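Colleague: model this:
(4 chains)
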There are 2 protein chains.
Amino acid sequence: MSASWTIPTVAMAVDLAVLTVRAERLHVLLVNRGVEPYRGRLALPGGFLSTEDEDIDVAAERELAEETGLDASGLHLEQLRTYGAPGRDPRMRVVTVCYLAIMPDLPLPSAGGDADRARWVPVDRVLGRRRLLAFDHGQIIADAVDRARAKLEYTTLATAFCNPEFTISELRRVYEIVWSEELDARNFHRKVTGVDGFLVATGKRTSGNGGRPAVIYRRGPATVLHPPILRN
Amino acid sequence: MSASWTIPTVAMAVDLAVLTVRAERLHVLLVNRGVEPYRGRLALPGGFLSTEDEDIDVAAERELAEETGLDASGLHLEQLRTYGAPGRDPRMRVVTVCYLAIMPDLPLPSAGGDADRARWVPVDRVLGRRRLLAFDHGQIIADAVDRARAKLEYTTLATAFCNPEFTISELRRVYEIVWSEELDARNFHRKVTGVDGFLVATGKRTSGNGGRPAVIYRRGPATVLHPPILRN
DNA sequence: GCGCGTAATGGTCAGGTTGACGAAAACCGT
DNA sequence: ACGGTTTTCGTCAACCTGACCATTACGCGC
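Modeller: Predicted coordinates for the structure are as follows:
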């Protein structure tokens, strides 16, 4: 390094891979890009830091709130990975810290006539056809889905896809849809009720589904599963 | 955002949490900081991007090679997490992408009379006393150790702590030291030899250790462990 | 009210895995 | 040759898993 070397700076962005289970499929929240580059393609919601000293976690929460119109508190939000290959944005050097968010299938407030509103897209529709996506967002979505699939095994992440109160069937559907794998209802029931701290019964029951009413549970204090629920 | 808003840029750094097992303890590679801020404290090796368009993965490999004097190829190197809280560096806004590196206990080429050379420090000596460390590096080391501990369960990461050829005992010592937990040698042997793709026998055997010679293995093609080796 | 379809939940049972530990194998040093 | 040491193989009970039958408890149509 010569004496004239100065510390390089880069544009700092955050992107969000927001996943949910909706209509029996895993979906990711995407926006239509209205500007170049990649105008017209689908992209992850996200953006640059709003000020030079905005915390990146705060920026992620802000973007999530802006894009979904929902309060980010209560939703699962974790850092996924940072993507910083030079050339990933043709305009300039951009390093983006990506976050994985998991939420239940809440109705997105469709406020404002904003044509570029975020919308849910089935993951399997975009993963096969990466040309639909801007930047390296196809790779990011693949990484996010991998992470989510893996974390269902050994953490209680699946409950983040559910409403605050849910049944064991609903939880099982989350596993089945995210993993694309059928699970035996009885064994699954035995397993999840056996892990302690995973589920807390509310005492309430469902009704009107044309079958035996299911006990309604709430998320328990556990965050890791011992033992894990393994895929095949 | 007003019309005069410009994209904020930040100084981009990479830091390395390099772990190894050495003298029956888990160690992390640290340097003595010779400059303010935090002069005199211990810090993770790392530094700013060398140019504005250096890839961050490449920067991590470069720093690793510079600090250890070793070729980074062949060593395990994965992104850990990005730390970007404002104020974590008192000089300016710095966002640092941290990497976790795992290596066997190779002798570090002590080339050059550089007083600030990297050296191995037992993890348990720094984790209790975070005041020894610069910036948020105490937290980063804690995160790195957590990640390593977790990945021993369900990946073949433990082999990255070993030389290319190793015995099952050596592998077991890695687990015991990283987890701070004793494992039964016979059950461990049965387990690791049962997972296929984990270990490949070389046909060679040890000698001169005052016991029955051990079969020497090499890392197999597997990267994930099915089933996992779980902690208690 | 009664049977039927449906979904939730409770069991059973064989097969596999784990943890605790005995024992044999194969070397070293003396 | 013998005791010490380390590796490797075996055994056995406890536990866990996957497959699957049975029971419970509802809504619905008649």
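
Colleague: relative to strand B:9-22, how tilted is the lengthiest strand in chain A?
Modeller: For chain A, the strand that runs over the most residues, judged by DSSP state E, is strand A:9-22. Orientation check (axes from the mean of the first three to the mean of the last three Cα atoms, to 10 degrees): strand A:9-22 against strand B:9-22 gives 80 degrees.

Colleague: Would you mind listing the buried residues in strand A:9-22?
Modeller: For strand A:9-22, the neighbour count (16 or more other Cβ atoms under 10 Å in any protein chain shown) marks A:9-21 as buried. For every residue, glycine as well, the C-beta is placed using N, CA and C.

Colleague: could you pull out the helices for chain A?
Modeller: With helices called from DSSP state H, chain A shows them at A:56-68, A:123-127, A:137-154, A:168-179, A:185-194.

Colleague: what's A:Arg149 in contact with, if anything?
Modeller: Counting by Cβ atoms under 8 Å, 6 or more residues apart in numbering or on different chains, A:Arg149 makes contact with A:178-179, A:231.

Colleague: and the gap between it and A:Arg22?
Modeller: 17 Å (Cβ to Cβ, to the nearest Å).

Colleague: Can I get the helices of chain A in TSV including mean pLDDT?
Modeller: Output for those, formatted as TSV (pLDDT from 0 to 100):
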stretch	mean pLDDT
helix A:56-68	93
helix A:123-127	96
helix A:137-154	98
helix A:168-179	98
helix A:185-194	98
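
Colleague: what's the closest of these to A:Leu49?
Modeller: Closest approach to A:Leu49 among the helices of chain A (Cβ to Cβ): helix A:56-68, 5.3 Å.

Colleague: Give the other helices and strands that that closest one contacts.
Modeller: strand A:9-22, strand A:25-32, strand A:46-48, strand A:76-83, strand A:94-102 (3 or more Cβ pairs under 8 Å, 6 or more residues apart in numbering or on different chains; DSSP states H and E).

Colleague: So what's the predicted local confidence for the residue of chain A found nearest DNA strand C?
Modeller: Nearest residue of chain A to DNA strand C: A:Gly211, at 1.9 Å (Cβ to the nearest atom of the strand). With respect to pLDDT, A:Gly211 has a value of 93.

Colleague: Using the record's domain definitions, break chain A down for me.
Modeller: Domain assignment of chain A by automatic domain parsing yields the ranges A:11-153, A:155-219.

Colleague: Can I get those in TSV including distance to B:His137?
Modeller: TSV is the format used below for these (distance: least, Cβ to Cβ, whole Å):
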stretch	distance to B:His137
domain A:11-153	18
domain A:155-219	26
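
Colleague: weakest of the ones you listed in terms of mean pLDDT?
Modeller: Among the domains of chain A, domain A:11-153 scores lowest, at a mean of 93.

Colleague: related to what we said a few turns ago, so which of the contacts of A:Arg149 wins on neighbours?
Modeller: A:Val178 (23 neighbours; other Cβ atoms under 10 Å in any protein chain shown).

Colleague: Now do the contacts for that one.
Modeller: A:21, A:26, A:145, A:148-149, A:152, A:158, A:161.

Colleague: just A:Leu100 next, same as before
Modeller: A:Leu100 sits in contact with A:17, A:19, A:76-80, A:144, A:147-148, where contact means Cβ under 8 Å, 6+ apart.

Colleague: With distance to chain B as added columns, please give those residues in CSV.
Modeller: As requested, the contacts of A:Leu100 are exported to CSV (distance: Cβ to the nearest Cβ, whole Å):
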residue, distance to chain B
A:Ala17, 15
A:Leu19, 20
A:His76, 16
A:Leu77, 14
A:Glu78, 10
A:Gln79, 6
A:Leu80, 10
A:Ala144, 14
A:Arg147, 12
A:Ala148, 16
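
Colleague: Please spell out the ChimeraX selection for the buried subset of those.
Modeller: Buried subset of the contacts of A:Leu100, written as a ChimeraX selection, criterion 16+ other Cβ under 10 Å:
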select /A:17,19,76,77,79,80,144,147,148
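
Colleague: for DNA strand C, what are the nearby residues on chain A?
Modeller: A:167-169, A:185-187, A:189-190, A:193, A:209-215 (Cβ under 7 Å from any atom of the strand).

Colleague: Report the buried members of those.
Modeller: A:167-168, A:189, A:214.

Colleague: Quick check: closest non-adjacent residue to A:Arg218.
Modeller: A:Val200 (4.9 Å; Cβ to Cβ, 6 or more residues apart in numbering or on different chains).

Colleague: Repeat that for A:Leu26.
Modeller: With Cβ to Cβ, 6+ apart, the residue lying closest to A:Leu26 is A:Val123, at 4.6 Å.
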